[in-house]
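In: Quick one: sequence and predicted model below, then my questions.
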Amino acid sequence: MKLSSSVFALLCLICEIVSIALFLRGFFPVPVKSSFSAKSKVNDFPAEPQTGSGPNSSKAPAPLFKRVVIVLIDALREDFVFGSDGRRFMPYTRHVVERGSSHSFIAKARPPTVTMPRIKALTTGSIPGFIDVVMNLNSPALLEDNLIWQAKSAGKRIIFYGDDTWVRLFPKHFMEHDGTTSFFVSDYTEVDNNVTRHLDGTLKRDDWDILILHYLGLDHIGHISGPHSSLIGPKLMEMDDIIKKIHSSLISKESEGTLPNLLVLCGDHGMSETGSHGGSSEPEINTPLVLISPAFKRKAGFEEPGVLEQVDLTPTLALGLGLPISKNSVGHLISAVFEELSLREQLRLLQINGHQLSRLLQDSSPTFHKEDGYEQFRMAEKSHGSWMKLYVDGNTSEVLSNMGKKVLKQYLEALKAMSSALSKQLGKYDMYSMIMGMIFILQVLFLLLLAMPEALSREAVVDVPLASSLLSLPFYLLCLFGSALHVLICTSAGGPCYLCSLPWVLVFIVILMSSAFTCALASMAARRMSTGNKTPTKSSNWTLSELDALLLVGMVGHTLSLGSSSFIEEEHQTWYFLLNTLCLAVFQDVCRKYFREQRHRGEEEDEGPLLPSSAKEGPSFSPAAELGMSPGSEKWLALATPLLTLTCCRLLRSLNQTGVQWAHLPDFGHWLNSGDHKAFLSLLAVVSLVLIFLLVQRHCSLVSKIALALGLLGVYSYRAAVGNVLFPWQHSSRAVSKGTVEARFVYVFVLGILFTGVKDLLRSQVMSSAVDSGRLKSRGLWEVYSGVVLLVALLFRAHNLPTLACCLLIQTIMAQFIWKKLHYDAAQTTIMHYWFGQAFFFFQGNSNNIGTVDISVGFVGLESYVEAPAIFLTALSTYAGPLLWACHLLCFLSSQRDRAVMGLGHGSYCFALLRSIPAVFYVVLVTSLRYHLFIWSVFSPKLLYEAMHTLITTAVCLFFTFMDQERSARP
């Protein structure tokens, strides 16, 4: 079966996407869960040692608190309370921490540090799987045993106000609730006012036991302007007033003879230096936990807060309310909360927590008896029994007290050890799905590599022997073997298996595809070997130039660097180095062309400037002519192009600090975004937008030029409306709005330009004249490209507009003076575009940390959260660099009349190969490193980025394939 290179590459990428999806389904583990009863029950409490087997021996402990108020402030960093910001902006809370009846801790949140997994952790005590990052957008009901369900089952009356994620996770659990959407990050005022407006009335009532308040405004400010914004201080002061109001109300309700109340102040996650979250940096995982109650001793002064795991709050609250601990909780009790109880009561609570952890450990690990924590717990339980025997006998000597303290210490050490062991067992991998996904993606890579000579030939056609493979005996034998192996694995699997849960029809289709791929690979390999033996001299045509060697070594080196966690965290440094090296290599080629080979230049003169390059299209753009220079001066412009590119790249590196090691350092972007430099940022934004217009408009029709100019004016108006920049007549910042009208104004022009471009592309397909069709097709592509540029300009933050302007400038000068003048082939040009796209991904401020994804762009022009547009806009903004360079490559290759026929096919194939090599290597790598210390904090986020990048590349190759179909229409 013969396929064009573009169609072949697209089909390979689609198979690769399916393979990666199957691998991800097996790789991201199912969190550790107990297989005993679905929910804990009161009668599950273990019997207290040496108290007999009567009903009182296993009764639930008495509650310690009458009422509990949980104030969860989204993205509350620990330094916002315990640092200098806390002293300035939260004086009342800081006073309670230093002088009040309270306990203060730094609670560490495990990655992924996004809201929905953190709520799960706080209520179930378990550590959610990393794939919950994706589920965060659409939270289903939580069926796992949790604190909210236990409280409701015990008759506790629960009221909730705040983030509607709670309402989706716990439907019908709240006596009263009012949810607010957590994804519309442009709003940081009303979203909190909707919570606070209920507060006065609720605090006066006596018909509730648990009150949960989840405030989102601080998180939204972080997403909009970062942790050092001028909006942070007033928001923290607002939260401090709320804490004061709640605390004062709870104190006034206290009375003699009743249980005390408890106020809990906590955050679900922290906030990175860029204002986002999701990763594992210290500012993202360190959150404050303040427990305030008259049951605690009054502090004499500020004490350094202790460090604990966020999940430790779950069993502490459960036993504090007299409830069973959730079955899957991996946390251990916060001993300071119970230190005022009698020694017997403390030991009883620790025994209950240890019993729950030991049962979970038994169910999750076949070698549980070898765990140090399990043995320590058994020893502590025996010592507890001995102590209880003396206690029941009425012994009151100091020996009893010392022995009790020793048992208490044994329990605490055992609980910490078991909790740590369970936390390390995040889940059980589905190895069958992982291995099958890895086999499929390896088959795709080998198929791409074997097809390279044909895919990059002048015909750009690949002959895949699929039909002959389906009729061969090995194909049927492989199908039979695969089916038997599937039955064997599914009948003997001891853990969850996704493939075994699928219908047999789907599984058999997967087995057929894998068998067909294997036979096709064997046939292509045999054909390649026989062809090589018959024509040994043909390989002499495949020679590597110096640039080819650099591109090959660079890609191999980058792929191998993914084996190091440090190189993954600082991947931008790899791409910056490769890009600088590429510019120097190009500079060498320019020097060779214009100086060393100047004698032969007369024979190698180009026919004219680059785009569009047809004599019938009228005078084309030439930088030398535009600047009033002679044609000979283009030599010096060509020499300056690599140096100018290097200069732009160096400036862009200073704009956004990224990675992990130096992300906390101030950069030029922070300086621009500070309020004192808003005028300079405004001027820089104007210059960038003017440069964007000048670089893009020259390929557009008059109507599109006008639309582009008005759209860019709308971009500036939007940024002024949201308070990022100023108009000349503004002496100070006016009232900040959401900029919805201005953003929608820009969307109208984006759609108009895209419609014009698509219309020209469709018309070019039906025109009879090849010349007119090519001209119309080129203009249509550039207009679509202009629409994408305008949309990206709207989504980019104001300080990132120079990044977009530099991107377009480098594209223009490289195309004009380098790619066409030096006669680079389509494969070399594609690899260069790919490298530039990767570098600009990091120039934007992105990294391999999920916390650098700017989700605020998903709500530009939206009044409320709409899932599909929000996901599309966020993905477009995040991958704007690679997308813009891929779009430019499409326009560039289509405009070259002499190579357009094979150029698109070669470009599409190279994109598929460039994406497949690191993706396959990384899938194999994370499989072998699945028990690595940094598998969840470093390798897993990168795996998600690789999967998303492959999906984006598939969409790009789809567009390449669509444009390449003209070849079959016009031979």
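Out: Sure thing, it's come through. Numbers count the residues shown, from 1 in each chain.
In: all helices for the stretch 401-550 of the chain, in order.
Out: 431-450, 452-455, 466-470, 473-492, 498-501, 504-534, 546-561 (DSSP state H, counting those that start in this stretch).
In: Now the fifth one: buried residues?
Out: For helix 498-501, a neighbour-count test (16 or more other C-beta atoms under 10 Å) marks Tyr498, Leu499, Cys500 as buried. Using the backbone N, CA and C atoms, a C-beta is placed for each residue, glycine as well.
In: Model confidence score at the first one, please.
Out: We have a pLDDT of 83 for Tyr498.
In: That one contacts Gly26, correct?
Out: Yes: using C-beta atoms under 8 Å, Tyr498 makes contact with Gly26 at a distance of 6.2 Å.
In: tell me, what's touching these two both at once?
Out: Taking C-beta atoms under 8 Å, 6 or more residues apart in numbering as the criterion, Tyr498 and Gly26 both touch Asp430, Tyr432, Ser433.
In: Dump those to TSV, plus pLDDT and distance to Val69.
Out: Written out in TSV, the entries for the shared contacts of Tyr498 and Gly26 read as follows (pLDDT from 0 to 100; distance: C-beta to C-beta, whole Å):
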residue	pLDDT	distance to Val69
Asp430	83	41
Tyr432	88	47
Ser433	90	44
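In: Quick one: buried ones out of those?
Out: Buried by 16+ other C-beta under 10 Å: Asp430, Tyr432, Ser433, out of those.
In: what residues are up against the second one?
Out: Under the criterion of C-beta under 8 Å, 6+ apart, the neighbours of Tyr432 are Gly26, Ile489, Ala493, Cys497, Tyr498, Leu499, Cys500.
In: Could you list the low-pLDDT ranges of the stretch 351-500 of the chain?
Out: 366, 425-428, 493-496 (pLDDT under 70).
In: For the closest residue to Pro111 other than its chain neighbours, which residues are in contact?
Out: Excluding the flanking residues, the one nearest Pro111 by C-beta to C-beta, 6 or more residues apart in numbering is Ser280, at 4.3 Å. By C-beta under 8 Å, 6+ apart, the residues touching Ser280 are Pro111, Thr113, Asn849, Trp936, Ser937, Val938.
In: And Ser704, by the same measure?
Out: Gln697, Ile753, Thr756, Gly757, Glu783, Ser786.
In: switch the cut-off to 10 Å
Out: Going by C-beta atoms under 10 Å, 6 or more residues apart in numbering, Ser704 touches 696-697, 711, 749, 752-754, 756-757, 760, 779, 782-783, 786-787, 790.
In: and what of Asp187?
Out: Thr180, Thr181, Asn193, Asn194, Leu216, Gly217, His220, Ile224, Lys738, Phe859, Glu863, Ser864.
In: same question, Phe446
Out: Phe517, Thr518, Ala520, Leu521, Met524, Ala525, Ser916, Val920.
In: Phe80: which of the residues you listed is nearest?
Out: Val920 (43.4 Å; C-beta to C-beta).
In: What distance do you get for Leu390 to Leu3?
Out: 83 Å (C-beta to C-beta, to the nearest Å).
In: let me redo that: Gln588
Out: 38 Å.
In: now swap in Lys327 and tell me
Out: Taken as C-beta to C-beta, the span from Lys327 to Leu3 is 54 Å.
In: Gln346 now?
Out: Applying C-beta to C-beta to Gln346 and Leu3 gives a distance of 72 Å.
In: what do you get for Ser928?
Out: On the measure of C-beta to C-beta, Ser928 and Leu3 end up 34 Å apart.
In: Kindly report the same for Ala685.
Out: 47 Å.
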